[in-house]
Structures are given as C-alpha cells and as structure tokens.
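sequence? don't have it. structure:
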C-alpha cells in the first residue's frame, strides 16, 4: 500500500514536470520570455535517467514505455501540434518549488525502498522483494532520482554541461524581480502623478473657491437689494391690504347697520318676517313649498324653544350667520335672517365668527331690562307657535 502511494506521488510529479516543460512562460510586464528563459530548456528526465522509459500509472504498476510527447523536449510532429499553454513565471517557479517540497516529503520513504531493494533474506539469501515488486521499486527510485537531479540542475545546485552557468530558476527569479521593480516603478510613477494631480486640483480648488466667494458676495449684495425692494413692495401691499380690509369692514358694518335699521322690531316685525318666509316658500312651483315652510318654521321653533328653556346658556343664543344648516333651513329665505333682528338679536363677531347674538342683560343690575329681553323672546316663540298651527 505504501509503495503504491509513493508511486502515485512520483508519477504525478513526473507527469507535471514534463507538462511544465511544454508550457510557454510569460511575464506581466515583459511579454514573451523565451529569449530570456524557456521551459523547454528544463533538464530532460529521459536524458537524465535513460533507463526510465515510461511513467508510473495510477495502479502503481511500473510500465517501461515512452509516449511520443513524454520525452520532455516539447517537440511534436506537424500533425500532432497541441495548443501552447502559457504560464506566468511566478506560477512556474511556485510549481518547481512545490516539486522540490513534495520530493523532500517522500525522501525518507524512497531511501527505505532503496535500502530494502539491496537487502536479502538472512535464511534463504533471496532478495527482500519479489521480482515484480523489485522492478517497480527500481523504476520508482530511478524516476525519483531523475526528478531530484533535474530539479537540482534547474535550481543551480548541480552543474549541467548543456546549460549556462546561471540556473533556469535564477533567470526566472530575475524576471520576477524585474516584474516587481517594474510594478514598483509604475506604482511610484502613478503616486507621483497622483500627487501632481492632487496639487493641481488643490490649486484649481483654491481658484474656484475664490471665484465662488466673489460670486456669493455679488449674489448676496443682489439678494439684499432684491429683498429690500421686495420688503418695500410688501409693505406697500400690506398697507393697501389693511386699507382695503378697513374699507371692507367699514362697508360691512355700514351694510349691517343698514340691514339692522331696515328691520322693524317687536311682535309686528316678527310677524312680518314670518310672512315673508311663508310667502317665499309657498311661491315655489315645484311642489316643495309646504315642506320648506314646515322646515323653516320648525327650525325657528327649535331655536327659540332652546333659548327659552335655558336663557342663561349663551350657545343657544348665538346663531352663526354662515352655518350651512341654518342657511339651508331658514337663512336662505327672505325674512329668514331678519326675524332674529326683529326679535331683539344683534349682529356680533364672536371669536372671529359672524353671528346673530341675543345678549342677556345683567339681571342683578337691570331687572327691568332683563324682563323686557326675556318677554321679547317669549313673544317671538308664541308668534312662531301661532303661525305653526295656522
């Protein structure tokens, strides 16, 4: 089992080494590196160990055969040319170093196989391994030794008459160093360019800030001038509005005074306004007159009944002039507003709302006045009730 595992590992390294020989090196900042170092110049495993004429298969059997493209030279007939696989120098060096590390990991096992391959049984004097196993072990050791020697030559640890004094790995390291130097220079150039650009941007920013400050100062001056003009116009408009409102209020007060003065007070006045309401309702030609009359007189009855039931409650004595329900039931008819003036209400503005308001006299200070006020409301309710039964 151990022999099979070691055979598989050596076979994988052996195959990977040969595959690496057929790859083309490239560098990020150099391009084609074949004029500097070529992976096909890696030591040929077949040349180093001519007795290894095959590779170890996955079942661990030593098969002494050589494939057409497994000689490590990367040469093929014209009809069998395969696509060239490129690999970066840095990646190729990592792969070679991994070969060394993996071979080092199995060195003790190889040496144990090597020792046992020469041992004999002390009793029978027969070899330690059988014929087939011994052949597998020798093939394994040969492949291992070929790989070790090839990598030593590649790393410059062993001389080679076919290669220059400097090793392939040395050349690869020089290429990697050149790449790093180029990257560093590119980075420094980019940094210098960035610093120059930053300085230029700062200069432009200062100029832009000065221009912006001048622009803002000019805009501020224009804004203040415009605000002053707008303030002047606003003040003139405010004065005009106040004057118009004053005139409108005066006209409204004058209209209210005229309205109040036009309405006769007392029971006769109330009867006259009820008559106007009845006449307006019953003059409708659509048949709704009687219904509108009942609604109007009923609403008036409700209002004055509430007042008489609780005369001390101001909310019953305050009728909003623009209330939708009031306008719908009573206020829209001729006499519908005037009846409140006739019954002693006055026009008032309470909390910004225009109202008909019946002000209750102070009963403690003006008993007679309070009695007249109450009797006037009472009379109005009596007239309404009389009109309801007609």
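It's in. Since the model is a prediction, treat every value here as computed from it, not as a measurement.

use CA for all of it now, contacts and neighbours both
Noted.

burial check on the closest residue to residue 321 other than its chain neighbours, number of neighbours?
Leaving aside its sequence neighbours, residue 321 sits nearest to residue 355 (Cα to Cα, 6 or more residues apart in numbering; 5.1 Å). Neighbour count of residue 355, defined by other Cα atoms under 10 Å: 20.

what do you get for the one 5 residues further on?
Neighbourhood size, residue 360 [other Cα under 10 Å]: 16.

hang on, it in a helix?
No - counting by DSSP: H, G, I helix; E, B strand; the rest coil, one finds residue 360 to be coil, located in no helix.

quick check, pLDDT for it.
Turning to residue 360, the model gives it a pLDDT of 91.

what does residue 271 give?
94.

before we move on, which element is the nearest residue to residue 333 once chain neighbours are set aside in?
Computed as Cα to Cα, 6+ apart, the closest residue to residue 333 that is not its neighbour in sequence is residue 277, at 5.8 Å. Following DSSP states H and E, one finds residue 277 within helix 267-282.

show me the strands in the chain, by range?
Using DSSP state E, the strands of the chain run over 24-27, 31-32, 86-88, 318-320, 346-350, 353-357.

dump the ones you listed to a markdown table, plus mean pLDDT and distance to residue 292.
Putting the strands of the chain into a markdown table (pLDDT from 0 to 100; distance: least, Cα to Cα, whole Å) gives the following:
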| stretch | mean pLDDT | distance to residue 292 |
| --- | --- | --- |
| strand 24-27 | 80 | 104 |
| strand 31-32 | 50 | 105 |
| strand 86-88 | 86 | 103 |
| strand 318-320 | 93 | 20 |
| strand 346-350 | 90 | 25 |
| strand 353-357 | 93 | 22 |
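
if we can go back for a sec, and the residue nearest to residue 333, how many neighbours does it have?
Residues lying near residue 277 (other Cα under 10 Å) number 25.

give me the residues contacting stretch 113-129.
134, 137-138, 141 (Cα atoms under 8 Å, 6 or more residues apart in numbering).

do stretch 313-328 as well
Residues from elsewhere that reach stretch 313-328, judged by Cα under 8 Å, 6+ apart: 303, 306-307, 310-311, 331, 353-359.

circling back to that earlier point, okay, and the beta partners of the residue nearest to residue 321?
For residue 355, the beta-bridge partners are residue 320, residue 348 (DSSP bridges).

in the protein, which helix is the longest?
Scanning the chain for the longest helix, with DSSP state H as the assignment, gives helix 168-261.

got the contact list for residue 343?
Residue 343 touches 265-267, 269-270, 376-377, 380, counting by Cα under 8 Å, 6+ apart.

any low-confidence regions in the stretch 151-300 of the chain?
Scanning the stretch 151-300 of the chain for pLDDT under 70 picks out the ranges 161-166.

cool, thanks, talk later.
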